[in-house]
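J.: below are the sequence and a predicted model; questions follow.
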Amino acid sequence: MIIDLVWLVPLIPLIGFIINGLGRNTLSKGLIGFIGSSVIFVSFAISVGIFLALGSDANKSHEVFLFDWISAGKLHIPLSFLVDPLSAIMLLIVTGVGFLIHIYSIGYMHSDEGFGKFFSYLNLFIFFMLLLVLGSNYIVMFIGWEGVGLCSYLLIGFWYTNSSYASAAKKAFVMNRIGDLGFLLGVFFIFTTFGSIEFSKIFPQAANMLPGDHTIALIALLLFIGACGKSAQLPLFTWLPDAMAGPTPVSALIHAATMVTAGIYMIARSNLIFDLAPLIQHVIAIVGLATAIVAAIIALTQTDIKKVLAYSTVSQLGYMFLGLGVGAYNGAFFHVITHAFFKALLFLCAGSVIHALHHEQDMRHMGGLRKKLPVTFITMLIGTIAIAGLPPFSGFFSKDEILAHVYQHDKVMWAIAVFGAFLTAFYMFRMLFLTFYGKYRGTHHSEEKIHESPKSMTIPLIVLAVLSAFGGIIGVPEALGGNHWLSHWLSPVIKHTGESPDHATEYALMAVSVVGVLISIAVAYGKYIKQSHVPAPDEAKRSVLANLSYNKFYFDEIYDALIRKPLDAISVFFYKIVDNKIVDGIVNSFGWGTTEASKGLRLMQSGNVGFYIFMMVVGIISLLLYTYLSL
Amino acid sequence: MEQLLLLLIFLPLLGALVTAFSGNAAKHVALVSAIVSLALALVMVCNFTPDASTQFMVNYPWIHDLGINFHAGVDGISMITILLTNVLVPLIILASYQHNYKSSNAFFALILFMQTGLLIVFTSLDAFLFYIGWEAALIPIYFICAVWGGKDRIKVNMKFFVYTIAGSLFMLLGLIYLYLQNPAHNFDIQAFYNLNLDSVQQGWIFWAFFIAFAIKMPVFPFHTWQPNTYTEAPAAGTMLLAGIMLKMGIYGVIRWLLPIVPTGVQDWGHVAIILSVIGIVYASLIAFTQKDAKRLVAYSSIAHVGLISAGIFALNTQGMQGAMIQMLSHGINVVGLFFVLDIISSRLKTNRISELGGIAKQAPILAITALIIVLGTVALPGTNGFIGEFLLLIGVYQYNIWVAVFAGLTIIFGAVYMFRMYQNIMLGKTNDLTITFTDVKGSEKAVLYTICALIIVLGVYPKPVLQLSEASVQHLIEQVTQKLTSVN
């Protein structure tokens, strides 16, 4: 059966990595691109087969055992894979979107000298991402989890001769590691609580437990900390905008469509544990909402096209966590899927613009590109509408599903979340208008060279645009006459999903958000098209709020002052004072003491015979006294 | 099979003698000897039954009147340390190929001489023999560091030597005390295990042994000889010290401390764990701002060894098995790191981080292999370092959650200092100094590729190695806990 061949899905990209890695300097670019893309296509084809086989199979959970990996005492960690509805659909996204981005990269990276290296890293990333998705226990998941972090490090620092890029890469890795410690500790608690780290052993036990257990709450909290690192939530989100230093296809694949949604995937996978920890769910909802709003506010004033998209990703991830927090696991995962389509699309469109403008990323130097880049414009428009959440584009369905559940949960949170959605529509259309409307603001010289991207880039854009437009079809709610295929598909994994409001309320909620989004677009239209407003240069004076937004609420500066600098100061203090002066000083004092004592004792060897005799007499008397007293 | 162990122990000594008289061909002779030793170790692994028994046993009377025997044997724990020694020695010799040391015959002979000392330590079942091996391993490394080291070598080595000798004397006192308590009046390890010491006696022995072993590893606060010694020693010396010799301390704890004084461990083990964990955080933090790469790695080694030590004193299978595989992994990784730094310093005459940068552009192979070694060091899953650190942390976690939280900081801190170093050396723009850098070739490639292969193979399929020691480790833990319950 094809499901038993699931190990081929990650193995084939790994082979691609090895071939392209070894042949990076010798193989032709055409061959490298072909190998790199076709291995992902083969994986995609197998994933489709697995998906179909699973659909027609009564058994919705297959474990495929490969070999014993780590074993010590009662701890057994097999390298084995789990094929169930959740992982099967994730396989499709990773390999499907991944394949499109590989194709796109052939065009985007064609003139880069690191072409071979790039494709080998990309293949390695897919390999690790598939391990993450397929792992049948938390530790195999963790191999993928840290492995994608490594690839993220390698690809952010792809142009490593630029030291700020290399620093961004390191920052991403370290911040992820903070979360990873939480993840690992969570796994330790799971091991001692459930006696296993296998999903198939843990979740049946969790299903029989009652909510409110402290250990379970701690497990949920620690896993969530892990998710915060990987999925860029407050307070660990600052690495993601910096990660834009990587080539744009990387931003699309890793920092938008797949890797950063790993935290949501992990929590959705562990939904039975999180259901037992209502307090932690509440924390997740608050953190998600706060992240969504903070990132949306920052996105309002950014001028770098990729930074806008990066903050929008952080914000959208926040919405997904908000969904998880209110128990809308289906909604959150639905948003993972639609977001993978439209955010990958938006990044690739941005890449197409950047490619056309020869690495210009500042929107203040763009404008009027609608005619020159027609395919990019139309596809980006579709992506923008999808993320803004207008029906019938995909983002509308997934976002509104989350919002409807939030409304049931807490009206205030709903109001804030909807407000954030309006901000989203505003900053996304701001980006679209600044880029494609008005007059071109670059140099005349550069204007002549602007050209639409090659087919290898535009075809992936078109495919993703179609998915962004119609992808919502998998989760049309009952209120709109659908039957929400996705929630039926996921029901073997996600048993409970929060309640949605009655149809009348749902219509009202949709109406509020659609009208609000339209108003936001109109405001953006008025400002950036009617008034042709262009964001001010960096050094311009801004209002307090605009200044906070423009400077990203000074998160980096605060972390620098509160964490990095004090730790470095402690480091120097420990080294120079504690280690060299105190600890080593004590050690040296033994040596010094010995030398000094010997100097003192040396003086007794004076050569004066009278003194020697005197000392002898003292000695004999002492001995006699000692013997006498001890009798 | 008896001969096999004797051959294993004394072949390097023979190799050392031949090497000493082979003039310019010394390094080749030494390499051949080390490779034959490795082959012998592999033969031994193949003939080893992975149960708790002691195998390949030899027992010859030596100094009869004092009850001293040449008594040695191999169980799973010894097997791992033998593998460690015999895998690393050929790598270290090959890594020294790039240098043209004066009197290289003496240099390579000393390495092989040390190998015999180490193998005696890792196999002896007689306390006197153990002590002989313990000091025999120190003499060659002293000369290697003192003759071929950096400009501060004499002063730094003096301290290293006096410090470790002082520690050994505590151990010697402890061993003699045990000998005197032993009604059979011999140095047999089994007799020592069977002694019934009260908790006060065990406390004294615990500290006498612990200080000796803690200095060797080193564990905070007995570590201050280490950074200077590692920095001043020639590369091969640093590799021998960090890769193999410090494992004598770890091995000593496992073989000679835990089973002999279980009550001492029960009373004082928490102090050892706390010191170890302080060492992890403290040394990691110090590594943050080190300016010399070699010193940075030296401090990172204190942190890594602290985790191993904590895992051992946690006294559970996961922690102990983690320690076993991490001894091997740490040896491989730290030799790799010091080798990369040696390649850099032999080309550019500096290991100061601020003077380097952009080497990746000039030497992509070195950059890739160095990255794999760094990844092993920061315990990325799929590398050897992860297996050890994961098992150690889960072992420590079962001892105490908070200890695991602090010990776990190594996951974050390790990434900080290692990636800082990697970035500042390898990435960024090439400068006037590093523009002259040439990529690795020949013997350098052979060493780096071997190390990288070991890192990945052990990380992906650690089962054969874990299986070697599992039964012995479990036996040891049972032995300790049984003794404890019978006392209580």
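T.: Looks like it arrived, so ask away.
J.: hang on, isn't residue A:462 packed against residue A:375?
T.: Yes. Using Cβ atoms under 8 Å, residue A:462 is in contact with residue A:375, at 7.1 Å. For every residue, glycine as well, the C-beta is placed using N, CA and C.
J.: give me the residue from chain A nearest chain B.
T.: Chain B sits closest to residue A:73 of chain A, with a gap of 3.2 Å, by Cβ to the nearest Cβ.
J.: pull the number of nearby residues for that residue.
T.: Residue A:73: 19 surrounding residues under other Cβ atoms under 10 Å in any protein chain shown.
J.: go on, the one 4 residues further on?
T.: If you count neighbours by other Cβ under 10 Å, residue A:77 ends up with 23.
J.: repeat for residue B:83
T.: Residue B:83: 21 neighbours (other Cβ under 10 Å).
J.: in contact with the closest residue to it other than its chain neighbours, which residues are there?
T.: Leaving aside its sequence neighbours, residue B:83 sits nearest to residue B:41 (Cβ to Cβ, 6 or more residues apart in numbering or on different chains; 5.8 Å). By Cβ atoms under 8 Å, 6 or more residues apart in numbering or on different chains, residue B:41 lies in contact with B:8, B:82-83, B:85-87.
J.: shouldn't residue B:381 be in contact with residue B:462?
T.: No. The criterion here is Cβ under 8 Å, and residue B:381 misses it with residue B:462 at 11.5 Å.
J.: lowest-pLDDT helix or strand in chain A?
T.: helix A:444-448 (a mean of 78; mean pLDDT, DSSP states H and E).
J.: any residues touching that one, and which ones?
T.: A:357-358, A:360, A:440.
J.: ok, now stretch B:271-286?
T.: If you take Cβ under 8 Å, 6+ apart as the criterion, stretch B:271-286 is touched by A:567, A:570-571, A:574-575, A:578-579, B:210, B:214, B:219-221, B:223, B:265, B:299-300, B:302-303, B:305-307, B:309-310, B:313-314, B:396, B:399-400, B:403, B:406-407, B:409-410, B:413-414, B:416-417.
J.: and for stretch A:556-576?
T.: So stretch A:556-576 is in contact with A:238, B:282, B:285-290, going by Cβ under 8 Å, 6+ apart.
J.: now, which of the contacts of residue B:41 lie within helices?
T.: B:8, B:82-83, B:85-87 (DSSP state H).
J.: got those as a markdown table, with distance to residue B:439 and pLDDT columns?
T.: As requested, those are arranged in a markdown table below (distance: Cβ to Cβ, whole Å; pLDDT from 0 to 100):
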| residue | distance to residue B:439 | pLDDT |
| --- | --- | --- |
| B:8 | 37 | 93 |
| B:82 | 34 | 96 |
| B:83 | 31 | 95 |
| B:85 | 30 | 96 |
| B:86 | 29 | 95 |
| B:87 | 25 | 96 |
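J.: most surrounded residue in those residues?
T.: residue B:85 (30 neighbours).
J.: for it, what are its contacts?
T.: B:41, B:115, B:118-119, B:122, B:244.
J.: help me confirm that residue A:492 is found in a strand?
T.: No. Per DSSP: H, G, I helix; E, B strand; the rest coil, residue A:492 lies outside any strand segment and is coil.
J.: same question for stretch A:349-362: list its buried residues.
T.: A:349-357, A:360-362 (16 or more other Cβ atoms under 10 Å in any protein chain shown).
J.: quick one on the thing from earlier: of the contacts of residue B:85, which is the nearest to chain A?
T.: Closest approach between the contacts of residue B:85 and chain A, by Cβ to the nearest Cβ: residue B:122, at 21.4 Å.
J.: I'd say that closest one and residue B:78 touch.
T.: Yes. Using Cβ under 8 Å, residue B:122 is in contact with residue B:78, at 5.2 Å.
J.: where in chain B is pLDDT low?
T.: B:1-2, B:487-488 (pLDDT under 70).
J.: might one say that residue B:396 is in contact with residue B:403?
T.: Yes. If you go by Cβ under 8 Å, residue B:396 and residue B:403 touch, sitting 5.4 Å apart.
J.: now do the shared contacts for the two.
T.: By Cβ under 8 Å, 6+ apart, residue B:396 and residue B:403 have these common neighbours: B:273, B:277, B:310.
J.: about what we covered before: what are the buried residues along the least confident helix or strand of chain A?
T.: So, applying 16+ other Cβ under 10 Å, helix A:444-448 has no buried residues.
J.: what's the burial count for residue A:439?
T.: Applying other Cβ under 10 Å, I find that residue A:439 has 8 neighbouring residues.
J.: show me what contacts it?
T.: Here residue A:439 is in contact with A:367-368, A:532 (criterion: Cβ under 8 Å, 6+ apart).
J.: now it: phi and psi?
T.: Phi and psi for residue A:439, reported as degrees, to the nearest 10, are phi -100, psi 150.
J.: same check, this time on residue A:137
T.: Torsion angles, degrees, to the nearest 10, at residue A:137: phi -150, psi 170.
J.: just want the residue of the stretch 301-450 of chain B that's nearest chain A.
T.: Of all residues in the stretch 301-450 of chain B, residue B:317 sits closest to chain A, at 3.2 Å by Cβ to the nearest Cβ.
J.: next one: that residue from residue B:469, what distance?
T.: 10 Å (Cβ to Cβ, to the nearest Å).
J.: which of the two has more neighbours?
T.: Using other Cβ under 10 Å as the criterion, residue B:317 and residue B:469 rank with residue B:469 on top: 28 against 22.
J.: list the buried residues of the helix or strand hosting the more buried one.
T.: Counting by DSSP states H and E, the element that carries residue B:469 is helix B:463-487. Judged by neighbour count (16+ other Cβ under 10 Å), helix B:463-487 contains these buried residues: B:465-466, B:468-477, B:480, B:483.
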